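*Asks:* Fold the following for me, if possible:
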Amino acid sequence: MDVPESGPAGTAAPNLAEGFPAATRERWRELVAGVLRKSGVAEERLADAPESVLATHGYDGFDIAPLYTADPPAADPGYPGLAPFTRGYRPGGGVAGGWDIRARHTDTDPAELRRRAHNDLMNGAGSLWVAVGPDSAPEGAPPGGVPLSRLGEALADVYLDLAPVVVSAPGPHALDAATALLRAHTDADVPDGRVISHLGLDPISAAALAGERPDVADPARFAAEHAARYPELGLFVADGTLVHDAGGSEAQEIGFAVAAATAYLRALTGAGLDLADAARRIEFRLAANADQFSVIAKLRAVRAMWNQVLEACGVPADRRGMSLHATTSDAMLTRRDPHVNMLRTTVACFAAGVGGADAVTVVPFDSAVGLPDDFARRIARNTQSLLIEESHLARVIDPAGGSFYVESLTRALYGAGWAFFQELERAGGAADAVAHGELRTAVDRTWERRRHDLARRTAPLTGVSEFPDPNERPLVRAADPARRAPVEGGFPVRRYAQEYEALRDRSDAHTAATGHRPAAFLATLGPVAAHTARASFATNLLAAGGVEARDPGPLDDAPSAARAFADSGSRVAVICSSDRLYDEHAEEAARALKGAGARRVLLAGAPRDSYREAGVDAFAHRGCDAVALLTDLVDVLLTDPPTTTTDSTQGANA
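*Replies:* As a prediction, the model looks like this:
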């Protein structure tokens, strides 16, 4: 709004900033240093750039700063529809109708897939992503999807000239699935020029998952043979989710996707396709997780990277557009407290839309449990409809553009992604990097860092590592026929919650067999106000591993703690109180609890050598390796017989 230059009746407008110090970066740093100083940060860390203490360390070699300004200026992202296409390759963006809502289907029953596909298309979806499997899978192997010979039956109600279908199939069956898709179009009397579906060929990812050497040449020849007949047919998918689902970083994901697309571009042109025509028939697929700003920047950066590749190949600027499909992350989904996945996928979908994805798949919230039911599919579909129709997310082109943070992050991811792309090219390209293990080695290094953060809960998982529901009744779903277990020697498939969920599974199995859940005793020393915070922390930490916390209430001293522990029947004790009471009672309590038969004594708080000497086995605090700690406790609680009251009392009196 316009601010008047004068007040009422011609008087001078008041200067609202008068009397306040100028807002400068230096003044802000002084204020930051003051706050951090009060929180106990060492003075030497506050000398030059106190804001560095607040920086977030990422997995791609650069930090996320707490404040972004116009200094230094971000690189010019250009305009929508113009190179480098950071802001999208369409001048009008998605303002007219938003993005394409693409529904994923993994049913093996053609009739059920037909029903669900019809339901999706009648209620907002614009395209389908269908898993296809062999007619008969080897014994013990999952079917993979709808049988090849029955794909046409499953798509019988789909107007294939209006709703494109993308197929995916295990490596050996990819060409057969592509043939079956084209046959379905022929049977539906779709004219060749109106076939707008996608063959979904991705031999590099398929070979990586199978632990085999990729063969790009044969799929490229197959694709080239059909390209002339079907001018709008999509051919290859450059799928970065291979890297994402193994725990890789954003830069590794987009670097690999561009390297795979480059390999497919070379193969298609080698098979006789025109360079620009080949480029437009390659679709990129990237994962969108709940880290919304990284997703937005990643989608913006990958378009600029592909533009750089095509420019180097001599493709005219007006033909360097990218078809970009974003799917919400499988890796971020949890089997525990799965309804929280609705929130995760909503944030991820928001980020994909803001980042300019052309098509978005929201994975149903129960997908990590098994085959999604109709309710989960409806929520996934309506999440997108709400963001497009009610939140009007597509009415502004590149809504994050111009943000100091987003532009800086886009530039940083572009640089890191391009460096990884070059690393793969030096290794001989994406196919050779998969075959010789360079890609796996790089991704595994990132996964170890990510796993470190997950285990220490510095990368929290709501409902799993943070605020778990110990009395949760797990969802039950039929097995998903398209979800394959990792093949020995193949590329790994990981979920962030998997180690915590494995502990919860052990606990549930024990509870079902014995009728009682493994439990730890909380030695809550002193009044309620002294121990409540750390007792709550310990209770949530234990619940993340499926361990019940038994809180006896306030305990006066070490002897009373030992007596209460002896009556609990547990083998694990966690001392909870304030620092002041720790100084008075922690060492005595640790010795008393050990004497009462405790196999493990933990202390909720920061480590101290004297406590360890007194019998404290581990320290439960923010930053400890929660997975290792919980694994040890579960091992003790499940392998040792419960302590009887008589035995514990004798131990306490010994």
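
*Asks:* Could you list the low-confidence segments of the stretch 401-550 of the chain?
*Replies:* Within the stretch 401-550 of the chain, no range satisfies pLDDT under 70.

*Asks:* 80 - rerun?
*Replies:* Counting by pLDDT under 80, the ranges of the stretch 401-550 of the chain that qualify are 484-486.

*Asks:* now the strands for it?
*Replies:* Counting by DSSP state E, counting those that start in this stretch, residue ranges of the strands within the stretch 401-550 of the chain are 519-524, 548-550.

*Asks:* Including distance to Y496 and mean neighbour count, could these go into a markdown table?
*Replies:* C-beta coordinates here come from the backbone N, C-alpha and C atoms, glycine included. Written out in a markdown table, the entries for these read as follows (distance: least, Cβ to Cβ, whole Å; neighbours: other Cβ atoms under 10 Å):
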| stretch | distance to Y496 | mean neighbour count |
| --- | --- | --- |
| strand 519-524 | 25 | 26 |
| strand 548-550 | 24 | 19 |
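
*Asks:* which one of the ones you listed lies closest to D330?
*Replies:* Relative to D330, the nearest member of the strands of the stretch 401-550 of the chain by Cβ to Cβ is strand 548-550, separated by 30.6 Å.

*Asks:* average model confidence for the very next helix or strand once past the closest one?
*Replies:* Downstream of strand 548-550, the first helix or strand assigned by DSSP states H and E is helix 558-568. Here the mean pLDDT over helix 558-568 is 94, rounded to a whole number.

*Asks:* so how far is helix 558-568 off the chain centroid?
*Replies:* Between the centre of helix 558-568 and the centre of its host chain there is 44 Å, according to Cα atoms, centre = their mean, to the nearest Å.

*Asks:* Then stretch 14-30?
*Replies:* Averaging C-alpha coordinates over stretch 14-30 and over its chain gives two centres that are 40 Å apart (Cα atoms, centre = their mean).

*Asks:* now swap in stretch 60-80 and tell me
*Replies:* 23 Å.

*Asks:* And that stretch, what's buried?
*Replies:* Buried positions in stretch 60-80, judged by neighbour count with 16 or more other Cβ atoms under 10 Å: 60, 62, 64-65, 74, 77-78, 80.

*Asks:* one step back: can I get the strands of the stretch 401-550 of the chain in TSV with distance to P50?
*Replies:* What follows is the strands of the stretch 401-550 of the chain, written out as TSV (distance: least, Cβ to Cβ, whole Å):
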stretch	distance to P50
strand 519-524	38
strand 548-550	38
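
*Asks:* How about the secondary structure of A290?
*Replies:* coil (DSSP: H, G, I helix; E, B strand; the rest coil).

*Asks:* For A267, which residues are in contact?
*Replies:* Applying Cβ atoms under 8 Å, 6 or more residues apart in numbering to A267 gives the contacts 216-217, 219-220.

*Asks:* Mind checking which of these are buried?
*Replies:* The neighbour-count criterion (16+ other Cβ under 10 Å) marks 216, 219-220 among the contacts of A267 as buried.

*Asks:* Keep only those of the residues you listed that are in helices.
*Replies:* 219-220 (DSSP state H).

*Asks:* in stretch 479-490, what's buried?
*Replies:* Of all the residues in stretch 479-490, those buried under the rule 16+ other Cβ under 10 Å are 480-483, 490.

*Asks:* if I read this right, P80 contacts V95, doesn't it?
*Replies:* No: between P80 and V95 there is no contact, the gap being 9.9 Å when judged by Cβ atoms under 8 Å.

*Asks:* what sits in contact with each of these two?
*Replies:* Counting by Cβ under 8 Å, 6+ apart, the common neighbours of P80 and V95 are I397.

*Asks:* Switch the buried residues of stretch 60-80 over to CSV; also include distance to T186.
*Replies:* Putting the buried residues of stretch 60-80 into CSV (distance: Cβ to Cβ, whole Å) gives the following:
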residue, distance to T186
D60, 46
F62, 51
I64, 51
A65, 56
A74, 50
P77, 43
G78, 42
P80, 38
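
*Asks:* what about S39, how many neighbours?
*Replies:* Applying other Cβ atoms under 10 Å, we find 7 residues neighbouring S39.

*Asks:* low pLDDT regions in the chain?
*Replies:* 1-14, 17, 21, 44, 47-48, 73-75, 137-143, 484-486, 640-654.

*Asks:* All the helices of the stretch 101-250 of the chain, residue numbers only.
*Replies:* 110-122, 151-154, 174-187, 203-210, 217-227, 241-244, 250-270 (DSSP state H, counting those that start in this stretch).

*Asks:* And for the stretch 251-400 of the chain?
*Replies:* 275-280, 292-313, 340-355, 374-385.

*Asks:* any idea which residue sits dead centre in the chain?
*Replies:* Within the chain, the residue whose C-alpha comes closest to the C-alpha centroid is M332; the distance, by Cα atoms, centre = their mean, is 3.6 Å.

*Asks:* residues in contact with stretch 53-68?
*Replies:* Residues from elsewhere that reach stretch 53-68 (Cβ under 8 Å, 6+ apart): 28, 32, 36, 41, 45-46, 51-52, 249-252, 403-405, 408-409, 412-413, 416, 446, 449-450.

*Asks:* Contact partners for the residue lying closest to V528 once chain neighbours are set aside?
*Replies:* Among residues not flanking V528 along the chain, P554 sits closest, at 5.9 Å (Cβ to Cβ, 6 or more residues apart in numbering). P554 is in contact with 524-528, 531, counting by Cβ under 8 Å, 6+ apart.

*Asks:* For the residues you listed, which entry has the maximal number of neighbours?
*Replies:* Across the contacts of P554, the neighbour count under other Cβ under 10 Å reaches its highest value at L525, namely 27 neighbours.

*Asks:* Just list whatever residues bridge to it.
*Replies:* L555 (DSSP bridges).

*Asks:* Tell me the spacing between it and L265.
*Replies:* Remark: distance between L525 and L265 (Cβ to Cβ, to the nearest Å) = 67 Å.

*Asks:* Need the three-state assignment for V601.
*Replies:* strand.

*Asks:* Is it correct that it is in contact with A590?
*Replies:* Yes: under the criterion of Cβ under 8 Å, V601 lies in contact with A590, with a separation of 5.1 Å.

*Asks:* I'd say A589 and I575 touch.
*Replies:* Yes: under the contact definition of Cβ under 8 Å, A589 touches I575, with a separation of 5.5 Å.

*Asks:* what is in contact with those two at once?
*Replies:* 523, 525, 561.

*Asks:* what separates the first one from V572, distance-wise?
*Replies:* The one in question is A523. Shown here: A523 relative to V572, a distance of 11 Å by Cβ to Cβ.

*Asks:* before we move on, the earlier item: and the buried residues of stretch 60-80, which of them are in strands?
*Replies:* Judged by DSSP state E, the subset of the buried residues of stretch 60-80 located in strands is I64.

*Asks:* Tell me which two in the buried residues of stretch 60-80 are the farthest apart.
*Replies:* By the measure Cβ to Cβ, the buried residues of stretch 60-80 have their two most distant members at A65 and P80, which lie 27.2 Å apart.

*Asks:* Please name the nearest non-neighbouring residue to E250.
*Replies:* Residue nearest to E250 in three dimensions, not counting chain neighbours: K298, with 4.7 Å by Cβ to Cβ, 6+ apart.

*Asks:* With P50 instead?
*Replies:* Counting by Cβ to Cβ, 6+ apart, the nearest residue to P50 once its immediate chain neighbours are dropped is A33, at 4.0 Å.
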